[in-house]
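Enquirer: Pasting the sequence and the predicted model now:
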Amino acid sequence: MKKSDVPDWDYKMKFLTIIDTNVIVSAFLSRHNDSATVLLLDCLFKGTIIPIYNDEILNEYYVVLTRSKFKIAKDKIDAVLTEIKTKGIHSERVNSGETLTDAKDLVFYEVALSKEDSFLVTGNLKHFPKKPFVVSPAEMIQIIHEMQQPKSGLLSEPAAGYGKR
């Protein structure tokens, strides 16, 4: 991914985000620098996304990303994992009482429950309960982008000049 291919977003807000492994794999395998998964990793490196993780999640990232079928360079894997550990927040699971289709997804869901106002970003929405905080990569990029836009309307205009005629 070349920096020139990614929008130069200067976001002031930070988004607590649990990133499902499939999103990171997709970003590495994407041939499109403007795909939502690639843009999410860019947001991670720029600090817009504050990843939330625990040891189980880090272990899954490593095991999956180092599979020979993906042919992902070790230095790139190390860079992403280091970024997650450096900029991220370690958190424990919160027992949800949920039974998911894929039991390996439960850790991501339960870590997402540990932090208020966090998002779980996954390419497999159908594997998780329908909740507003469980979003696709494209939805997360849209949320980030929309939350950074200046609000419009009478009350948000600095030149409204209440009481001035």
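Expert: That came in fine, so what should we check first? Just so it is clear, the model here is predicted, and its values are computed rather than measured.
Enquirer: Distance from the helix or strand of the chain with the lowest mean pLDDT to the middle of the chain?
Expert: Using mean pLDDT, DSSP states H and E, the weakest-scoring helix or strand in the chain turns out to be helix 137-148, at a mean of 91. Mean-position distance between helix 137-148 and its chain equals 10 Å (CA atoms, centre = their mean, to the nearest Å).
Enquirer: now do stretch 38-55
Expert: Distance, stretch centre to chain centre, for stretch 38-55: 5 Å (CA atoms, centre = their mean).
Enquirer: okay, Gly153: pLDDT?
Expert: You'll see Gly153 listed with a pLDDT of 56.
Enquirer: picking up where we left off before, from the contact counts, what lies against the least confident helix or strand of the chain?
Expert: Here helix 137-148 touches strand 15-19, helix 36-46, strand 119-121, going by 3 or more CB pairs under 8 Å, 6 or more residues apart in numbering; DSSP states H and E. (C-beta placed from N, C-alpha, C; glycine too.)
Enquirer: And the second one, what does it pack against?
Expert: Pointing back at helix 36-46 there. strand 15-19, helix 21-29, strand 49-53, helix 74-87, helix 137-148.
Enquirer: how far off helix 21-29 does the first one point, in degrees?
Expert: Which is strand 15-19. Orientation of strand 15-19 against helix 21-29 (axes from the mean of the first three to the mean of the last three CA atoms, to 10 degrees) gives an angle of 90 degrees.
Enquirer: For strand 15-19, enumerate the helices and strands it packs against.
Expert: Using 3+ CB pairs under 8 Å, 6+ apart, strand 15-19 sits against helix 36-46, strand 49-53, helix 106-112, strand 119-121, helix 137-148.
Enquirer: Ok, which of the ones you listed comes nearest Ile84?
Expert: Of all the helices and strands packed on strand 15-19, the one in closest proximity to Ile84, counting by CB to CB, is strand 49-53 (4.6 Å).
Enquirer: buried set for the helix or strand just after the closest one?
Expert: Next in sequence after strand 49-53, counting helices and strands by DSSP states H and E, comes helix 55-65. In terms of neighbour count (16 or more other CB atoms under 10 Å), helix 55-65 has its buried residues at Glu56, Ile57, Glu60, Tyr61, Val64, Leu65.
Enquirer: Could you export those residues to a markdown table, including columns for distance to Thr101 and pLDDT?
Expert: Output for the buried residues of helix 55-65, formatted as a markdown table (distance: CB to CB, whole Å; pLDDT from 0 to 100):
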| residue | distance to Thr101 | pLDDT |
| --- | --- | --- |
| Glu56 | 18 | 97 |
| Ile57 | 18 | 98 |
| Glu60 | 16 | 97 |
| Tyr61 | 20 | 98 |
| Val64 | 18 | 98 |
| Leu65 | 22 | 98 |
